[in-house]
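Peer 1: Provided below for reference: sequence and predicted model.
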Amino acid sequence: MDLSESYNAAEVEQRWQQIWAERGGGNADCDQGEPFYLLEMFPYPSGRIHMGHVRNYTIGDVYARFLRAKGHRVLHPMGWDAFGLPAETAAIQRGIDPARWTRENISAMRQQLSRLGFSYDWSREVATCDPDYYRWEQLFFLQMLDRGLAYRKKARVNWCDACGTVLANEQVEGEECWRGHSPVRQKELDQWFLRITAYADELLEGLNGLDGWPEKVRTMQRNWIGRSEGVEIEFPIVETGKSLPVFTTRADTLFGCTFVSLAVEHPQAAELARAGGNEEEVCAFIDSISRLETAERAQGKEGIFTGCHAINPINGRSVPVYLANFVLMEYGTGAVMAVPAHDQRDFEFAARYGIEVIPVIEGEDGCLDASSMLEAFEEDGRLHDSGEFSGLSSADGRKAIAKALAEKGSGKEVVNYRLRDWGISRQRYWGTPIPIIHCPNCDVVAVPEADLPVVLPTGVELLEGGGSPLPELEDFVSIRCPQCGAQARRDTDTMDTFVESSWYFIRFASAERDGIPFDRDEVARWMPVDQYIGGVEHAVLHLLYSRFFTRVLRDLGWLEVSEPFERLLTQGMVIKDGAKMSKSKGNVVDPDELVAAYGADTARLFSVFAAPPEKDLDWSDRGVEGAHRFLSRVWRLALAVGAADAGGVVRRSLAWADPGCEGLSKPAAGLRSLVHDTIRRVGRDIGERMRYNTAVAAIMELVNGAYEYRQRDDSSDDAVLDFAVAMTLRLLFPFAPHMCSELWSRVVVGPGVDEIPWPDYDASALVKETIEMVVQVNGKVRGRIQVAADIPETELLELAAKQPRVAAALAGRSPRKTVVVPGRLVSMVV
RNA sequence: GCGAGAGUGGCGAAACUGGCAAACGCACUAGACUUAGGAUCUAGCCCGCUAACGCGGUUGGGGGUUCGAGUCCCCCCUCUCGCACCA
């Protein structure tokens, strides 16, 4: 081989990928040591990976390779979130079977991932569209059904026309579908729900223990769950004699209640309209509001008097009952006690309909005057005009009034959540069939466990209009009722694809098992995931569902842990030209082209060097070239040093071991010290801080140091240079595994680069005999002195004061105060 | 409006517990090697003044604590993200 042979990434990378594939490099079973479960969010097999995947999976792979070197047994699996709408769309547009389309995409993407050198345990690969996978999901569904955790109800649900299906609340972002920002409207449908609200408190509490999660994600989940404590108060209706419960968090303002407002969907609404003698008008209002979409409803405050009155149980006062557009049936009881003086919405409503405003809370500025108020006073304060409760603070007032109501049987303390149950029915084809049979006699009947899986028929003709073909497939739909034997029909909805991703990480622990979903011992060994890496867009979707599912499976007896993900890293987006890289923006960089032009190692290096993992990454073609240039620089250095042989023929000649500190020249000792410091920095930056950008910077400094060292005239102490080069390769290996393997195999004597353990640094090598100290006068740097590390303080001060610029700054005065920071600086104040 | 996070050179960024602001990289400038350079190597590169040694200023703005603040405390401004009639 020629010394001047330049770095040919394609050739090198192909060779090593082949070797790793033969060795089964990523298999968790190959490793010994303490188990570590490292996982990146699995992708949807859309056909091609994008730069976001490259970044996500590089962050993971660097960590995996580092952990293995540190002696861990690492579980680092990969799979496919394979059900979902794009497969159906492709099928309709191009006439391909979704199953085939998905399978082909998977194999293309698997190849792309391998081409990037990611070290996965492919023996555990799962695809969620495989009946051997989703059969367990059907089993869990049935078990949840048994325990009342899955149930069916008719409900107003979010409908996305573009997707042709229902969406869960979490999948609606400000009235738009999370996938394509198409509009979402309300529709009344019979749906299957999972009772995530049964775990609301536990999911909320659990967040407190998740120290390894970004605060941002925990806050988002807290807000989403939206727990609020309050009182449910019964208001008897004069005209109907019925009781109307309302929910409030501000029982302290109860004496200020001047009306009650209900959602138009409230079950008592029609009855109140009738009893109030204003039926026609009220019904017309109900009609006009219910026709509107949620977004349109939010325009202003609108309502109508029902003609009925409610009795405030605390003071017997009779107040009018209104229907109002802004009251949500989905929250609390769908009815609200209105206190215009202390709630801005009620204030606006009262102003519009001429309802009385009665202030009952005073702030620090004293009592409010109803006639001059411009807005509601919503803060806590002190109660007045509130009978026996006057004078109490808001907090005490809430407690006292709740207690008084409870004693009268007119109220009870309750907790409300914003979180609602998870609607999982999807009117789509490409998903997990819901294992339910609808029987004319027995109503809803579970498919017997022995009959699982209910296999999704493949090779079907998809409908032009985009609807699910399942209801039309007689072979699939038609079935005998397992209970009474009558002719019955299968449920033709499929499950939300977020259900599959809510437990795939547990399946990975024993993905090969046939007869059971999980092997309890293997799950106990691996779960929870020690480090999870993925995008923040799943903060309240996948990540909340997974926390819920893990608890359900725990309660079903499948595992012990409650929290699925011990630590979470949310990596930033890949940005180009100021916008997120996306097809619609037309600013995508194709990973394949990148790899073809520069190689996988360059792609990997750039994706972790340009920014810390959790920050957005600004794409830069120049930056990619820079990463490539650095790798070439390492390539040349290693070959030049490793091929000390004058004939220009590379031979294995480098010893990788530390030559020790004995008899080194000053520059050699300096280089050796730099190597150890780099080992320290890289280990800390990868292992403890996950700041790969600074880890790479440290390695670059080492390489610069080695080049500098080589430039010296005398070229003794080559053992130190050998050590420096070998350690460069060892430390760089997690980032650029192909090139480092290749170079190591060519020039280093001994075991492979990934066969030697991660090096420990020698702390004594970092201790310098002489150190530079800064001398400050009045906070300004006025000199630097080289001193022995153990110089006595008096001597140090004397030396410092003698520095010409220091002496000039002191101008003959003696310091009023002197501070010495050992090893760093001397600070003098005059 | 509520909540969270962030403001540092021309750019991406660094600064571990308060201790030399700008490591590392990109871009740029000069030089070397060269038939050539969009390869490589060397040097320079926050701003102002200076021929130079230096001097002064600088981490969104203002104040404070401290010998010393990008870092800690208070006030303000801007940007990004999340939630948004949740009673």
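Peer 2: Structure's in. What do you need? Numbers count the residues shown, from 1 in each chain, chains lettered A, B, ... in the order given.
Peer 1: What is the least confident helix or strand in chain A?
Peer 2: For chain A, counting by mean pLDDT, DSSP states H and E, helix A:294-297 ranks last in confidence among helices and strands (a mean of 69).
Peer 1: Past it, which element shows up next along the chain?
Peer 2: Downstream of helix A:294-297, the first helix or strand assigned by DSSP states H and E is strand A:303-311.
Peer 1: Determine if any part of that next one is in contact with RNA strand B.
Peer 2: No. Applying CB under 7 Å from any atom of the strand, one finds strand A:303-311 separated from RNA strand B by no less than 10.6 Å. All C-beta spots, glycine's among them, are computed from the backbone N, C-alpha and C.
Peer 1: now the helices for the stretch 151-300 of chain A?
Peer 2: Taking DSSP state H, counting those that start in this stretch, the helices of the stretch 151-300 of chain A run over residues A:200-209, A:215-225, A:269-276, A:279-290, A:294-297.
Peer 1: Please work out which of these is packed deepest.
Peer 2: Among those, ranked by average contacts under mean count of other CB atoms under 10 Å, first place goes to helix A:269-276 (a mean of 20).
Peer 1: could you check the angle strand A:303-311 makes with that helix?
Peer 2: 70 degrees (axes from the mean of the first three to the mean of the last three CA atoms, to 10 degrees).
Peer 1: Give the other helices and strands that helix A:269-276 contacts.
Peer 2: With contacts taken as 3 or more CB pairs under 8 Å, 6 or more residues apart in numbering; DSSP states H and E, helix A:269-276 sits against helix A:279-290, strand A:303-311, strand A:318-324.
Peer 1: cutoff 6 Å now
Peer 2: Judged by 3 or more CB pairs under 6 Å, 6 or more residues apart in numbering; DSSP states H and E, helix A:269-276 is in contact with helix A:279-290, strand A:303-311.
Peer 1: Reformat the ones you listed as CSV; add mean pLDDT.
Peer 2: Below are these laid out as CSV (pLDDT from 0 to 100):
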stretch, mean pLDDT
helix A:279-290, 90
strand A:303-311, 95
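Peer 1: Next, format the ones you listed as JSON lines and append distance to residue A:818.
Peer 2: What follows is the helices and strands packed on helix A:269-276, written out as JSON lines (distance: least, CB to CB, whole Å):
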{"stretch": "helix A:279-290", "distance to residue A:818": "77"}
{"stretch": "strand A:303-311", "distance to residue A:818": "75"}
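Peer 1: Figure out which of these is closest to residue A:236.
Peer 2: Ranking the helices and strands packed on helix A:269-276 by proximity to residue A:236 (CB to CB) places strand A:303-311 first, at 4.9 Å.
Peer 1: Can you get me the start-to-end distance on stretch A:416-433?
Peer 2: With CA to CA, to the nearest Å as the measure, stretch A:416-433 spans 33 Å from end to end.
Peer 1: let me redo that: stretch A:523-542
Peer 2: Distance across stretch A:523-542, first residue to last, is 20 Å (CA to CA).
Peer 1: which parts of that stretch are buried?
Peer 2: Within stretch A:523-542, the residues that count as buried by 16 or more other CB atoms under 10 Å are A:523, A:526-534, A:536, A:538-542.
Peer 1: Can you give the contact residues for it?
Peer 2: A:35-41, A:59-60, A:75, A:170, A:217, A:220-221, A:224, A:501, A:505, A:509, A:559, A:561, A:563-570 (CB atoms under 6 Å, 6 or more residues apart in numbering).
Peer 1: average pLDDT for it?
Peer 2: Mean per-residue pLDDT for stretch A:523-542: 93.
Peer 1: do the same with stretch A:249-262
Peer 2: Mean pLDDT, computed over stretch A:249-262, is 95.
Peer 1: Quickly list what residue A:576 is bridged to.
Peer 2: residue A:579 (DSSP bridges).
Peer 1: isn't it right up against residue A:619?
Peer 2: Yes. Using CB atoms under 6 Å, residue A:576 is in contact with residue A:619, at 4.0 Å.
Peer 1: Correct me if wrong, but residue A:376 is in a strand.
Peer 2: No. Using DSSP: H, G, I helix; E, B strand; the rest coil, the assignment for residue A:376 is coil, not a strand.
Peer 1: What separation is there between it and residue A:335?
Peer 2: 19 Å (CB to CB, to the nearest Å).
Peer 1: Give me the more crowded residue out of those two.
Peer 2: residue A:335 (26 against 22; other CB atoms under 10 Å).
Peer 1: doesn't residue A:246 make contact with that one?
Peer 2: Yes. At 4.6 Å, residue A:335 and residue A:246 qualify as touching, with contact defined as CB under 6 Å.
Peer 1: Now for whichever residue of the stretch 401-550 of chain A sits closest to RNA strand B, how many residues are close by?
Peer 2: Among all residues of the stretch 401-550 of chain A, residue A:418 sits closest to RNA strand B, at 3.8 Å; criterion: CB to the nearest atom of the strand. Using other CB under 10 Å, residue A:418 is surrounded by 14 other residues.
Peer 1: any idea whether it is helix, strand or coil?
Peer 2: coil.
Peer 1: Name the nearest residue to it, ignoring sequence neighbours.
Peer 2: Residue nearest to residue A:418 in three dimensions, not counting chain neighbours: residue A:226, with 2.7 Å by CB to CB, 6 or more residues apart in numbering.
Peer 1: Check what pLDDT that neighbour gets.
Peer 2: 91.
Peer 1: and what of the one 10 residues further on?
Peer 2: Taken from the predicted model, the pLDDT recorded for residue A:236 is 97.
Peer 1: Is the closest residue to it other than its chain neighbours bridged to anything, and to what?
Peer 2: Closest residue to residue A:236 apart from its sequence neighbours, by CB to CB, 6+ apart: residue A:311 at 4.9 Å. Counting by DSSP bridges, residue A:311 forms beta bridges with residue A:318.
Peer 1: Spell out which residues of the stretch 401-550 of chain A are next to RNA strand B.
Peer 2: Near RNA strand B, the residues belonging to the stretch 401-550 of chain A are A:416, A:418, A:536, A:539-540 when assessed by CB under 7 Å from any atom of the strand.
Peer 1: what two of those have the greatest distance between them?
Peer 2: A:416 and A:536 (27.3 Å).
Peer 1: Stretch A:787-794: which residues count as buried?
Peer 2: A:787, A:791.
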